[in-house]
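Colleague: Have a look; sequence and predicted model below, questions after that.
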Amino acid sequence: MATSTEDTVALLARVPTFEALGPEELSRVAEVAVPRRYEPGRVIFREGDASDTCYVLKNGHVRVIREHADGRTITLANFGPGDIFGELAMFEDERRSATIETLDDVEAIAILGSDMRRLMREHPDIAVKLVVSLGRRLRAANERISSQSFQTVQSRVATVVMQLVSEAQDEGAGERDVLVSATQADIAKLAGSSRESASRFLAVLERAGVIEQGRGKLTVHDPSALERYVY
């Protein structure tokens, strides 16, 4: 899989972590990026693995999961084109805090943490801009967690479906009848609820004509109607 420097720069420019970097700085990062390809169902890295590389998705989707000692797993997030994961490897070689698993065919670029740290030593402005950008992401994550802690299950599930719709629209879906590839179990995990609770609310949305459920997917006929269930 060949990826030109120009393509890599364009991809990096879409990533919030690198949004503060200018064209010259992005080119320096692109020079140390290596293309990667993974098949569906592949584990890119596991929770507890050594952390030495960060990744930016070009095509395809992955999910972030945490595994418990009793065998249960919790889905923390789904990522798609333009998203970055494993970014803390740019700053230190810590153990991975979660497992990343591909959901379909994935194309990505990989950036070694050692290469990024060398760039930051050579160009301190890059380090400053990356820290500022990561600080914004942390603040947004804290606000999202705080908001969810006060939401009902219905509100959390509706919010998750809205997020999945937004991701699909970012990849070219229309304003209505948006196809979302996710199971009830996936949505429940993302919403931090039981599958039974999520299933009951999805049935409510289906009876209201907001969505239509299928095997491993759902069609959101009227995304704007979901906002009525978020409070």
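Modeller: That came through, no problem.
Colleague: distance of S133 from A13?
Modeller: 12 Å (Cβ to Cβ, to the nearest Å). Placement of C-beta: from N, CA and C, glycine included.
Colleague: and for the two, which residues touch both?
Modeller: E19 (Cβ atoms under 8 Å, 6 or more residues apart in numbering).
Colleague: Please say which of the two ends up with more neighbours.
Modeller: S133 (18 against 15; other Cβ atoms under 10 Å).
Colleague: where's that one, which helix or strand?
Modeller: helix 124-148 (DSSP states H and E).
Colleague: Skip the chain neighbours and tell me the closest residue to P23.
Modeller: The shortest distance from P23 to any non-neighbouring residue, by Cβ to Cβ, 6 or more residues apart in numbering, is to V9 (7.0 Å).
Colleague: Could you give the number of residues near that neighbour?
Modeller: Around V9 there are 21 residues (other Cβ under 10 Å).
Colleague: isn't it right next to E24, touching?
Modeller: No. Assessed by Cβ atoms under 8 Å, V9 is found out of contact with E24, at 9.9 Å.
Colleague: What's the end-to-end length of stretch 54-65?
Modeller: Terminal residues of stretch 54-65 are spaced 16 Å apart (Cα to Cα, to the nearest Å).
Colleague: buried residues in it?
Modeller: 54-58, 60-65 (16 or more other Cβ atoms under 10 Å).
Colleague: Could you dump these into CSV with distance to E212 added?
Modeller: Shown next, in CSV, are the buried residues of stretch 54-65 (distance: Cβ to Cβ, whole Å):
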residue, distance to E212
C54, 38
Y55, 34
V56, 33
L57, 28
K58, 31
G60, 25
H61, 21
V62, 26
R63, 23
V64, 27
I65, 27
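Colleague: Dump these to CSV, plus pLDDT.
Modeller: CSV is the format used below for the buried residues of stretch 54-65 (pLDDT from 0 to 100):
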residue, pLDDT
C54, 90
Y55, 94
V56, 93
L57, 94
K58, 93
G60, 92
H61, 91
V62, 92
R63, 88
V64, 88
I65, 86
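Colleague: Beyond the helix or strand of the chain with the lowest mean pLDDT, next helix or strand please.
Modeller: The helix or strand of the chain with the poorest confidence is helix 124-148; it has a mean of 73 (mean pLDDT, DSSP states H and E). From helix 124-148 onward toward the C-terminus, using DSSP H and E, the following helix or strand is helix 153-170.
Colleague: quick one: the strands in the chain?
Modeller: 33-38, 43-45, 53-59, 62-67, 73-79, 84-85, 99-102, 106-112, 178-180, 211-214, 217-220 (DSSP state E).
Colleague: Just name whatever secondary elements the last one is in contact with.
Modeller: Contacts of strand 217-220 with other secondary structure elements, assessed using 3 or more Cβ pairs under 8 Å, 6 or more residues apart in numbering; DSSP states H and E, are made with helix 153-170, strand 178-180, strand 211-214.
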